[in-house]
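Asks: Take a look and give me a structure for this.
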Amino acid sequence: MEIELSKKYPVLPTRNVVIFAGTTLPLNIGRPRSVAAIEAANERDGLIIALAQKSEVSGEPGSEDVYAVGTLCKVEKMRGSSENGYQVLVRGMSRVKVYEFAPGEQFIEALAEPRVRV
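Replies: So this is what the prediction gives:
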């Protein structure tokens, strides 16, 4: 899967979990900004960037609270509601590095480029 360099992807800050390319994981999504990000991804093309949080933050993490290297994920299945949260199944597609964050009102978006191992 090719990542579009000029496309903004929704960002999903993950707490206590790292998603790797090639893995499929179930996640519980409950924070309002994370719910908005997963809904936006689902309405678009199902792609979202999962970035691990640097530390467990109470409340809503911002762009400064997550690492810049993460995984472009495909939302495979989604069950639940925006009021009660979602259970989602995400599949890691490729490793990415965020080069620009674009904080929005409802959720964080980011521009990213493919990241290859050295």
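Asks: any idea how far Ile29 is from the closest residue to Gln106 other than its chain neighbours?
Replies: If you skip the residues right next to it in sequence, Gln106 has Ala36 as its closest partner in space, 4.0 Å away by CB to CB, 6 or more residues apart in numbering. (Each C-beta comes from the backbone N, C-alpha and C, glycine too.) Counting by CB to CB, to the nearest Å, the gap from Ala36 to Ile29 is 10 Å.
Asks: out of the two, which sits in the more crowded spot?
Replies: More neighbours surround Ile29 than the other of Ala36 and Ile29, with 22 against 18 (other CB atoms under 10 Å).
Asks: beta partners for that one?
Replies: Here Ile29 shows beta-bridge partners Tyr86, assigned using DSSP bridges.
Asks: And it, what's its pLDDT?
Replies: Ile29 is assigned 94 on the pLDDT scale.
Asks: cool, and the one 3 residues further on?
Replies: According to the model's per-residue confidence, Pro32 sits at a pLDDT of 92.
Asks: Likewise for Glu2?
Replies: What the model reports as pLDDT for Glu2 is 64.
Asks: now the strands for this structure?
Replies: With DSSP state E as the criterion, the chain has strands at 9-14, 24-29, 47-52, 69-81, 85-103, 108-114.
Asks: Buried deepest among these, which one?
Replies: Of all the strands of the chain, strand 9-14 has the most neighbours on average by mean count of other CB atoms under 10 Å, namely a mean of 26.
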